[in-house]
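# when you get a sec, could you give me coordinates for this:
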Amino acid sequence: MAAKSHTEYFTGAAGRLQVVVDAPNDNLQGVALVGPPHPLMGGTLDNKVAQTLAKAYTDAGCVAWRMNFRGVGESDGEHDSGSGETDDMCLLAQIITEQYPGLPLYLGGFSFGAVVQARTAHRLNQGEGIVPRRLMLVGTAVARFDVPSVPADTLLIHGELDDVIPLTGLMDWARPQALPVLVVPGADHFFHRRLGIIREAVAAAVRRTRD
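I've put the predicted structure just below:
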């Protein structure tokens, strides 16, 4: 049975922000935040990779929150090159961990959204009082943005044939951190006809982390 979805709103520094909440049908095991791709390039919470991440989390028993970044959909404000977006994501992390006390928090993102989630994890781990259980990044836009180091157990997924963020750039970023990378053969940046691999890998990673 499909997860139940509804729209919620919260107020950040730029005004009202729109979130779609995807909830599993029972046996809630965790909470997850999903970051969509770049707002100025058509990135919305309805992006197929962002939706796939949300489905993966609900498959593993987590309630998944997909945010529309500033200036997208029903979210107020203007694009802030990742800075304000990270502020908003940290605020949302605080809101949902208060709403679901005691449940582990997972962060997932695609492309620009992966950059925001890496920055969010870095900030939370620096003393915001919230420690994400695991970070899962897909098609991380390392060639276009400054991306901080991430925890050693971060799940990195990248397409072999990504021509937006070439695999070589991702490997150059991951290598000094000794981070393993799940390379999806034949996949482009948007993982056409390969979305099932992301869904299975992320859900399995959540279950392994939980067990």
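# every contact and neighbour count from this point should use C-alpha atoms.
Fine.
# quick one: contacts for residue 167?
Listed by CA atoms under 8 Å, 6 or more residues apart in numbering, the contact set of residue 167 reads 158, 159, 160, 161.
# surely the second one touches residue 193?
No - using CA atoms under 8 Å, residue 159 and residue 193 do not qualify as a contacting pair, with a distance of 11.5 Å.
# buried ones only from the contacts of residue 167, please, as a PyMOL command.
Selecting in PyMOL just the buried members of the contacts of residue 167, where the criterion is 16 or more other CA atoms under 10 Å, is done with this command:
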select buried, resi 158+159+160+161
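# show me the contacts of residue 167 that map onto strands.
158, 159 (DSSP state E).
# and which of the contacts of residue 167 is nearest to residue 176?
Comparing the contacts of residue 167 against residue 176 with CA to CA places residue 158 closest, at 17.2 Å.
# what distance do you get for that closest one to residue 138?
6 Å (CA to CA, to the nearest Å).
# which residues do residue 159 and residue 193 both contact?
Applying CA under 8 Å, 6+ apart, one finds that residue 159 and residue 193 are jointly contacted by residue 187.
# okay, helices next: where are they in this structure?
Remark: helices assigned in the chain by DSSP state H are 48-59, 83-99, 112-125, 167-174, 195-210.
# in JSON lines, list these along with mean pLDDT and distance to residue 189.
As requested, the helices of the chain are exported to JSON lines (pLDDT from 0 to 100; distance: least, CA to CA, whole Å):
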{"stretch": "helix 48-59", "mean pLDDT": "98", "distance to residue 189": "10"}
{"stretch": "helix 83-99", "mean pLDDT": "96", "distance to residue 189": "22"}
{"stretch": "helix 112-125", "mean pLDDT": "97", "distance to residue 189": "12"}
{"stretch": "helix 167-174", "mean pLDDT": "98", "distance to residue 189": "10"}
{"stretch": "helix 195-210", "mean pLDDT": "96", "distance to residue 189": "11"}
